[in-house]
Structure formats: structure tokens, C-alpha cells
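Participant: Okay, predicted coordinates and the sequence, questions at the end:
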Amino acid sequence: MAFPQTTPPNYQATNQFQGTDGGSPVEPFIIPPEYGPGSQANPGALVVQVAQAAGPKWSSSSLPVIPANPDFALKWLTLGSGKATTTAQIIASSTSNVWNLKPAARAALKANFDLMYQGLEGLEYQGQLASGFAYLIAQRTAEAMPLGYSETLLYRCNYTPLNPANSASAHGFVDLVPGMRLRVEAASGLFSGPGSNFNGFAGTGASYWQITRRRSDQAILFDSFAANINSYAPMANATGLWGLVDLQSAGNSRYIRLFYPQSQFAAWPGYASASEMCTIVGTQYLVDMAAATAAYTSGRPVPPSGKGPISCAYLRGRAVMVPEVPIWINRSTVFYVPVGTTARQFIEAFAIPTFTYGAQASQGSASQSSQGNKPSSSQSGDFQASASVPVTVYRAWSPWDMRGALTQQITGVADGMFATGTDGWDLPLVRSDNISFTL
């Protein structure tokens with residue numbers, strides 16, 4: 001089936017997405033605006049365009065390419081003369097796993113997405129891709145693909161929580177990327193005397209560190225002022241770091257990943273090792289981050305180097321680190337919520353999330369409503385708070401640089417359509433989503 005276009009085009013949170021490989025969804029999918037030139041049965045190619053992507057060493061006589069990839073290819077479009085008019089195109093063909101839903105196909109898609117990103121990274125290091133554009137193109141591609149709810153943050157920031165169905169799989173990490181802020185809640189050791197019942201960890205407050213990026217070398221920064229005011233040599237300390245100064249000095253890395261302990265946090269009197277602490281790993285290359293992730297999640301020490309240096313640091317005491325993203329309310333008030341927060345969890349602070357069932361609507365309210373039986377799979381529902389308060393979720397949409405960033409509505413899906421109990425309210429929120437409602 002084809003997903004109808006609206007003017008302006010909307011995101012669609014749907015339970016009707018079916019794979020061209022015969023696979024069926026196990027969760028709702030987010031379908032981007034301007035979804036494909038064809039129908040779901042024959043979707044055509046997905047094309048992502050990013051303008052002014054040519055780097056200083058880009059040459060039209062020898063167009064740069066990424067290694068062969070079953071799902072993604074890089075092509076170039078020149079709209080005029082000179083590098084300024086050159087547009088990079090990521091193309092996923094009609095036979096790509098983008099359109100397939102069987103578990104093996106979804107796993108292959110993520111692996112090939114990572115290979116595409118590594119290829120773009122290589123071109124950027126060679127000067128053939130403009131500085132920062134490997135990350136930009138990867139993010140735009142993630143934004144443009146039809147993705148399941150659980151894949152939304154996986155592609156944007158490698159958010160990989162514990163999977164109870166497969167506890168042996170790697171889990172418990174997320175990339176720290178610009179737009180996030182890192183909340184650090186520290187607990188220091190309190191020693192009152194030998195055998196005292198007051199001995200133990202004691203909370204010492206929370207700190208908030210804004211994640212940003214330095215333009216010159218694309219390094220992730222924990223505070224733009226502290227990082228730019230001076231550059232300090234890393235402080236070698238076998239028992240961990242104590243705060244922002246140490247952590248900022250430990251990195252200058254292009255990629256930063258936050259890991260949670262795989263089993264438990266350190267018990268009193270503490271444990272001087274990354275394995276039982278929230279740990280920050282920094283690398284210059286994606287392949288090194290993959291190696292560090294494999295080591296940490298399997299209980300092995302993170303290697304000090306690979307293709308480039310690898311940093312591994314944790315805060316002493318018993319610190320908990322929580323990345324947060326900004327969410328708008330009615331486009332006027334900004335709230336920071338932890339990464340992984342869903343629309344349901346956000347709205348629960350203000351009202352009880354329910355659904356109104358009926359025809360797909362373009363303005364956030366259904367044309368028909370029923371609080372009785374659940375609808376058939378051909379119906380869809382709109383977000384409602386309590387019984388009558390309409391809730392509209394908007395998400396940034398920027399398919400082409402020349403069009404600028406647009407914010408488009410996300411229309412809802414019917415409740416309870418999956419065996420897992422997942423419904424439209426389980427939509428993971430991403431940076432700058434706007435939740436619009438009036439109580």
C-alpha cells in the first residue's frame with residue numbers, strides 16, 4: 001500500500017508498514033515525510049541530499065566513493081560550477097534492506113549503515129568531504145529512513161538499552177552528541193569511623209554539562225567555555241577522574257560513548273575500575289569505538305589504542321551520568337528529558353495519555369472517536385491526553401539543506417496493535433521535538 005501525502009507532508013507513526021521481504025512489524029514505525037516515490041510494495045529508491053558537501057581535496061575528475069555496500073551508495077550531484085554547488089547523495093535502492101522487516105534484514109541494515117558512516121568518515125579525513133559532513137550525512141540518512149520505534153534512537157545516537165529478550169547482546173551505552181546535555185549526579189564516599197553505620201556513599205548534588213562540538217577538529221566538548229579557554233594535558237589517574245576539568249582534558253575525541261556497568265554499580269567502599277562505573281570512552285575513529293564497545297560489553301579492558309588513541313575514563317565515587325535532550329512544549333518552553341523518554345512518559349507529567357480512534361487526521365484530532373472496542377488494523381488513532389485534550393507531536397524535518405529545517409506533525413497509530421503492548425504513545429522523543437497541547 002502507498003502512504004498518502006499531505007500538504008505539508010507529515011511524519012506518520014503507523015502500524016501498517018510491511019516489509020517487501022514479507023516481514024511484519026513488531027512495533028510501530030515512523031514513516032518520514034515525502035516517503036519514497038512509489039508504493040510500499042514497490043517503494044523505489046530513497047535519496048538523501050546534502051548540499052555543499054565537497055571538501056578541500058574534492059575533485060570532479062575523480063569523484064570520491066565509499067566502499068561497496070549492499071544498502072547504501074554515495075553519488076554526487078553538481079548543480080552548477082564549483083564545489084559550492086556540489087551535493088552529496090546517499091541512495092538506498094528499492095531492493096535495500098531499508099524496506100525489509102525480517103530481523104536478519106534489520107540487523108544487516110544497521111551494519112551497512114555503520115559501514116556507510118565509516119566510509120564517509122574516511123572521505124572526511126582525506127579532505128574529500130567537508131569537515132563535519134560525515135556525521136551530518138549519517139544523521140540526515142537516519143532521519144529519512146522508515147524506522148521502528150526502537151530503531152529511532154539507535155540510528156541517531158546508538159542508544160542501546162538492556163534487551164531483556166537477549167541479555168547476552170551488547171547493551172547499556174549511548175553516544176554523546178551535540179544537542180545533548182549530560183547530567184552527572186555524584187555520590188562521594190563518606191567515612192565516619194571504623195564500623196560506623198554512617199559509612200557509605202552520600203549524594204553530593206548534580207552537575208549539567210552541555211555537549212557540543214569544536215569546529216576545527218570536530219572534537220566532542222563537555223563545555224564550550226572550559227574547552228575553548230585553554231587546552232590542558234590529560235591527567236593520568238589510575239583511580240578515575242574527579243570532574244569536568246579531568247574529563248575535558250581526557251578526550252579531544254571525535255566520538256564519545258557513555259557506558260553503563262554491565263552487571264552492577266560498585267558497592268561500598270568502591271571499585272577502582274571502569275567495569276562497575278559509568279564510563280566515558282573517546283575515539284577518533286568509528287572502527288575503534290566498535291572495538292572498544294566489544295571489549296567493554298564483554299568484560300574485557302578497553303584497549304588504549306587501535307587505529308588511533310582510545311581514551312577510557314570514569315568519575316570516582318559512584319557517579320551516575322544521564323544524557324538529556326531538549327523538548328519544546330507549545331514551541332515556547334524547553335524541557336530537558338533523559339534520552340529514551342517516550343511521548344507517554346512526557347505527557348504523564350501533565351495528563352493521562354489515552355487514544356481517540358478514527359480516521360487519520362492532519363491536524364492532531366480524529367474525525368471519529370470511540371472509547372469502546374479497539375479499532376481494526378486498518379484504522380489509526382491520534383494522540384490524546386485524558387479523554388478530550390488533543391496532543392500534537394512535531395518533529396524537525398530537513399530533507400535538503402536548501403529548503404531549511406521544517407517541523408512536521410507526527411500522526412498517531414492505534415493502541416495495542418502489537419503483542420508487546422507497544423502503541424503510539426511509546427514514541428521515543430528526539431532532540432527538539434515539540435509537544436503541543438492545551439489543558
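Facilitator: Yes, it's here.
Participant: ok, residue 90 - contacts?
Facilitator: The contact partners of residue 90, by C-beta atoms under 8 Å, 6 or more residues apart in numbering, come to 47-48, 50, 72-74, 116, 137, 140-141. No exception for glycine: its C-beta is placed from N, CA and C like everyone else's.
Participant: Can you list which of the residues you listed are found in strands?
Facilitator: 47-48, 50, 73-74 (DSSP state E).
Participant: residue ranges of the helices in the chain, please?
Facilitator: Using DSSP state H, the helices of the chain run over 103-125, 133-144, 149-157, 224-229, 244-250, 286-297, 343-347.
Participant: and those helices as CSV, adding distance to residue 336, mean neighbour count and mean pLDDT?
Facilitator: Output for the helices of the chain, formatted as CSV (distance: least, C-beta to C-beta, whole Å; neighbours: other C-beta atoms under 10 Å; pLDDT from 0 to 100):
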stretch, distance to residue 336, mean neighbour count, mean pLDDT
helix 103-125, 27, 19, 96
helix 133-144, 20, 21, 93
helix 149-157, 15, 21, 94
helix 224-229, 17, 13, 74
helix 244-250, 18, 19, 66
helix 286-297, 25, 19, 94
helix 343-347, 11, 20, 89
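Participant: Now tabulate these in CSV and tack on distance to residue 25.
Facilitator: Formatted as CSV, the helices of the chain follow (distance: least, C-beta to C-beta, whole Å):
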stretch, distance to residue 25
helix 103-125, 10
helix 133-144, 18
helix 149-157, 10
helix 224-229, 41
helix 244-250, 40
helix 286-297, 27
helix 343-347, 18
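Participant: Please name whichever of the ones you listed is nearest to residue 33.
Facilitator: Nearest to residue 33, of all the helices of the chain, is helix 133-144, at 9.2 Å by C-beta to C-beta.
Participant: hmm, who's touching that closest one?
Facilitator: For helix 133-144, contacts defined as C-beta under 8 Å, 6+ apart pick out 32, 46, 48, 50, 53, 55, 72, 88, 90, 113, 116-117, 120-121, 123-124, 155-156, 177, 218, 397-399.
Participant: Measure how it sits relative to helix 149-157, angle-wise.
Facilitator: 160 degrees (axes from the mean of the first three to the mean of the last three C-alpha atoms, to 10 degrees).
Participant: Now find how far off-centre helix 133-144 is within its chain.
Facilitator: Centroid separation for helix 133-144 versus its chain: 11 Å, with C-alpha atoms, centre = their mean, to the nearest Å.
Participant: ditto for stretch 342-350
Facilitator: 19 Å.
Participant: repeat for stretch 426-439
Facilitator: The answer for stretch 426-439 is 15 Å, by C-alpha atoms, centre = their mean.
Participant: in it, what's buried?
Facilitator: Neighbour counts using 16 or more other C-beta atoms under 10 Å place 426-437 of stretch 426-439 among the buried residues.
Participant: Dump the residues you listed into a markdown table; add distance to residue 190 and pLDDT as well.
Facilitator: What follows is the buried residues of stretch 426-439, written out as a markdown table (distance: C-beta to C-beta, whole Å; pLDDT from 0 to 100):
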| residue | distance to residue 190 | pLDDT |
| --- | --- | --- |
| 426 | 40 | 87 |
| 427 | 41 | 89 |
| 428 | 37 | 93 |
| 429 | 37 | 94 |
| 430 | 39 | 93 |
| 431 | 37 | 91 |
| 432 | 40 | 87 |
| 433 | 40 | 89 |
| 434 | 43 | 88 |
| 435 | 40 | 88 |
| 436 | 46 | 84 |
| 437 | 44 | 79 |
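Participant: Narrow the residues you listed to those in strands?
Facilitator: 434-436.
Participant: buried ones in stretch 51-63?
Facilitator: In stretch 51-63, counting by 16+ other C-beta under 10 Å, buried: 51, 53-55, 58.
Participant: which one in those is the model shakiest on?
Facilitator: Lowest pLDDT of the buried residues of stretch 51-63: residue 51, 87.
Participant: Am I right that that one is in contact with residue 78?
Facilitator: No. Residue 51 lies out of contact with residue 78 (C-beta atoms under 8 Å); the separation is 10.9 Å.
Participant: what residues do the two have in common as contacts?
Facilitator: 85-87.
Participant: from these, which is closest to residue 330?
Facilitator: residue 87 (35.3 Å).
Participant: which residues touch the closest one?
Facilitator: Residue 87 touches 49-53, 76-79, counting by C-beta under 8 Å, 6+ apart.
Participant: Need the worst-confidence member of these.
Facilitator: Where pLDDT dips furthest among these: residue 79, at 70.
Participant: contacting residues for that one?
Facilitator: 85-87.
Participant: follow-up on the earlier one: okay if I get the ones in strands among the contacts of residue 90 as JSON lines plus distance to residue 150 and neighbour count?
Facilitator: Below are the ones in strands among the contacts of residue 90 laid out as JSON lines (distance: C-beta to C-beta, whole Å; neighbours: other C-beta atoms under 10 Å):
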{"residue": "47", "distance to residue 150": "25", "neighbour count": "16"}
{"residue": "48", "distance to residue 150": "22", "neighbour count": "21"}
{"residue": "50", "distance to residue 150": "26", "neighbour count": "21"}
{"residue": "73", "distance to residue 150": "26", "neighbour count": "18"}
{"residue": "74", "distance to residue 150": "27", "neighbour count": "21"}
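Participant: neighbouring contacts of stretch 215-224?
Facilitator: Residues contacting stretch 215-224 (C-beta under 8 Å, 6+ apart): 131-132, 135, 176-178, 182, 209-214, 227-228, 244, 247-248, 251-256, 282.
Participant: Buried residues, it. List them.
Facilitator: Applying 16+ other C-beta under 10 Å to stretch 215-224 flags 218-223 as buried.
Participant: In strands only, show me the contacts of stretch 215-224.
Facilitator: Short answer: the contacts of stretch 215-224 in strands (DSSP E) are 182, 209-210, 212-213, 255-256, 282.
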